[in-house]
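Participant: heads up, no residue letters with this:
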């Protein structure tokens, strides 16, 4: 086979191979896509990229949600620019509300903001909602 014939033959095969690999990578990447990772049976949802438009009093208030067997184990606040006093109030009261709950119930739960830290509380609540919603949509992918 001459070189022109080889290029003609391998180009479509190479393109099909690349397309197939891209599809495999996209379908396999959901459980470890930078938003949600899984390690030893525990899913961790990081809301940093999910909630860029969700802000507290000063700025973004991302969280990490730890989920095992479809139950919220714990929620941790990630570094943010909220004032230490309001941030501490909101974290202490808000982030523990979902602990131990089944994800489907936690996703529906209504949580009230902490007086004196309303903006921060509401931002944490919205982050948790977004993270739980993301988990429910992507956990089986």
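Facilitator: In hand now; what should we look at? From a predicted model like this one, the values you see are computed outputs, not experimental measurements. Numbering: from 1, shown residues only.
Participant: ok, residue 120 - contacts?
Facilitator: When contacts are counted by C-beta atoms under 8 Å, 6 or more residues apart in numbering, residue 120 touches 56, 57, 61, 82, 86, 87, 89, 90, 114. No exception for glycine: its C-beta is placed from N, CA and C like everyone else's.
Participant: just those now: which is nearest residue 122?
Facilitator: Of all the contacts of residue 120, residue 56 has the smallest distance to residue 122: 7.5 Å, by C-beta to C-beta.
Participant: who wins on neighbours among the contacts of residue 120?
Facilitator: Greatest neighbour count in these, by other C-beta atoms under 10 Å, goes to residue 61: 29 neighbours.
Participant: measure that one to residue 42 for me?
Facilitator: Between residue 61 and residue 42 the computed distance is 22 Å (C-beta to C-beta, to the nearest Å).
Participant: got CSV for the contacts of residue 120, with distance to residue 120 and pLDDT too?
Facilitator: Listed next are these as CSV, based on distance: C-beta to C-beta, whole Å; pLDDT from 0 to 100:
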residue, distance to residue 120, pLDDT
56, 4, 95
57, 6, 94
61, 6, 95
82, 5, 95
86, 5, 92
87, 6, 94
89, 8, 92
90, 4, 93
114, 8, 95
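Participant: C-terminal to the helix or strand of the chain with the lowest mean pLDDT, what's the next element?
Facilitator: Counting by mean pLDDT, DSSP states H and E, the chain has its least confident helix or strand at helix 3-28, which shows a mean of 46. For helix 3-28, the following helix or strand on the C-terminal side (DSSP states H and E) is strand 36-39.
Participant: which secondary structure elements does that following strand sit against?
Facilitator: Contacts defined by 3 or more C-beta pairs under 8 Å, 6 or more residues apart in numbering; DSSP states H and E place strand 36-39 against strand 42-46, helix 118-138.
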